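[1] With the input below, show me the fold.
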Amino acid sequence: MSRGRWAAGAVAVALLATAFAAAPAQAHRKDGDRVVGYYTQWSGYGRNFLISDLVKNGTAQRLTHLNYAFGFLDEQGRCVSADPWADYQRPFTAEQSVNGKEDVAGQPLAGNLNQLRQLKQRYPRLRVLISLGGWTGSKYFSNAALTPESRAEHVRSCIDMWIKGNLPGAAPGAAAGIFDGIDLDWEWPGSEAAPGNVVRPEDKANFTLLVREYRAQLGKRADLTAFLPANPGMVERGFEVRKVFKELTFATIQGYDYHGSWDSVTNQQSALRTPRGGPTDPDFSGQVAIGAYLDRGAPRHKLVLGVPFFSRGWTGVSGGGDGLFQPATGPAPATWEAGYEDYKVLKTKLDEFTVHRDNRAGHAWLFDGTTFWTWDDPVEMRRKARFISDNRLGGAMIWSLDGDTADGELIRALHSGLRC
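    Residues are numbered from 1 along each chain as shown. The predicted model follows:
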């Protein structure tokens, strides 16, 4: 499951050249050291990637923020758990636990939330946020944001459940103190995204009002963040950027899923600059995405660029050459979702592929003559870190932490680049 794709049609973009020229390289701001990672509640199932693995592979010590994905909304806009078993009911063995102790029957809290509590005890400077929505959980955000009453009730319910820790069926306050704030992943105000999502013309203004309601109820000390789209058309339709950023601690900007197997030709999914010769004009890139927010008044130190620990892939590629911008018959076979594969899985198959890089545009891919995968390896992670540093952005965000290797190959490269 990905962070969610967005329509990759032609978009009118007026990217100011001065937006990046005005950002000379300099010593890091403190904000630029942010490393935000998404841990998904389903990681502990088929992938068997547990929160304790964040300690074992060196990830936890390199994170500044961990976003736990996802909490959902019901039709009335109130917060609910998407998976109570994973969130707070599943018992962990001593071997599986962060603190090395087995969960016992009758304890106030189990599941991933208890493991997050143990992780925070081990890394007290780590900020942990509950992420609400996502690609499959944004259906009712428009209902939550619709009126002053619905906004107030939505925020109250989310604070009660996730910040105060009052979980259904658990002791009052069982999960209190785990989350340091809330991450809003409404995909997307004013645009349908996943089929069936509720969309209204007033979503744009209502998103601003929802963010203000969150800030008013959370107070100034809690973190309030949002995941925002890379598509400039969606930015224009859904966000009053200057007003929203006034309330946010920072925002993570989609730095991937620019293209995927929903397209009929192979392409990049996370290039830093628009590649030459592509089939889409204008096309998408990290520079275009960040520029869309800078042009609308977002402060660069609050812009955290997303990076993928996964690949997008096509098969049945024809046309020869290195495989880029060539027709394909469909998504490449993969472990969990056709056309989507974790970095750690593809790395084990490198002897089957040739690695290609576009150093000007800043992206890479794998090709074996038939199958094509986008490729964000340590080389590309360091390249993205330099881009973040050179443009004085607010840091990097990872989707998702379960895609890395057992020794944390990707996060080590990203982290070292951000701090070099």
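[2] can you list the weak-confidence ranges in the protein?
    Across the chain, the ranges flagged by pLDDT under 70 are 1-30, 419-420.
[3] where exactly do the helices run in it?
    18-21, 53-56, 84, 111-122, 141-144, 148-158, 203-218, 232-238, 241-247, 286-294, 343-347, 378-390, 409-418 (DSSP state H).
[4] any chance of these in CSV, with mean neighbour count and distance to W262 too?
    For the C-beta atoms, the positions are set from N, CA and C on the backbone; glycine is no exception. CSV is the format used below for those (neighbours: other Cβ atoms under 10 Å; distance: least, Cβ to Cβ, whole Å):
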stretch, mean neighbour count, distance to W262
helix 18-21, 13, 29
helix 53-56, 20, 31
helix 84, 15, 32
helix 111-122, 22, 31
helix 141-144, 24, 23
helix 148-158, 18, 31
helix 203-218, 19, 23
helix 232-238, 20, 16
helix 241-247, 18, 27
helix 286-294, 24, 18
helix 343-347, 19, 20
helix 378-390, 21, 22
helix 409-418, 22, 25
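[5] Can you lay out those helices as CSV showing distance to E337?
    Shown next, in CSV, are the helices of the chain (distance: least, Cβ to Cβ, whole Å):
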stretch, distance to E337
helix 18-21, 34
helix 53-56, 21
helix 84, 24
helix 111-122, 21
helix 141-144, 24
helix 148-158, 29
helix 203-218, 28
helix 232-238, 23
helix 241-247, 31
helix 286-294, 23
helix 343-347, 12
helix 378-390, 21
helix 409-418, 19
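[6] quick one: which of the ones you listed is nearest R78?
    helix 148-158 (4.1 Å; Cβ to Cβ).
[7] which helices and strands sit right next to the closest one?
    strand 79-81, helix 141-144, helix 203-218 (3 or more Cβ pairs under 8 Å, 6 or more residues apart in numbering; DSSP states H and E).
[8] what's in contact with it?
    With Cβ atoms under 8 Å, 6 or more residues apart in numbering as the test, helix 148-158 has contacts from 71, 73, 76-79, 130, 132, 143-145, 182, 206, 209-210, 213-214, 217-218.
[9] Swap in 10 Å and give it another go.
    71, 73-74, 76-80, 130, 132, 140-147, 164, 166, 179, 182, 184, 206, 209-218 (Cβ atoms under 10 Å, 6 or more residues apart in numbering).
[10] possible to save the helices and strands packed on helix 148-158 as a markdown table with distance to A193?
    Formatted as a markdown table, the helices and strands packed on helix 148-158 follow (distance: least, Cβ to Cβ, whole Å):
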| stretch | distance to A193 |
| --- | --- |
| strand 79-81 | 20 |
| helix 141-144 | 10 |
| helix 203-218 | 11 |
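[11] need the longest strand for this protein.
    What stands out as the longest strand in the chain, according to DSSP state E, is strand 65-73.
[12] Output that one in CSV with nothing but the alpha carbons.
    The C-alpha trace of strand 65-73 is given here as CSV (Å, rounded to 0.1, in the frame of the first residue of the first chain):
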residue,chain,number,x,y,z
HIS,A,65,9.7,12.1,14.2
LEU,A,66,7.8,8.9,13.8
ASN,A,67,4.4,9.0,12.2
TYR,A,68,2.2,6.0,13.0
ALA,A,69,-0.2,5.3,10.1
PHE,A,70,-3.1,5.4,10.1
GLY,A,71,-6.1,6.4,12.2
PHE,A,72,-9.4,6.6,10.3
LEU,A,73,-12.6,8.7,10.5
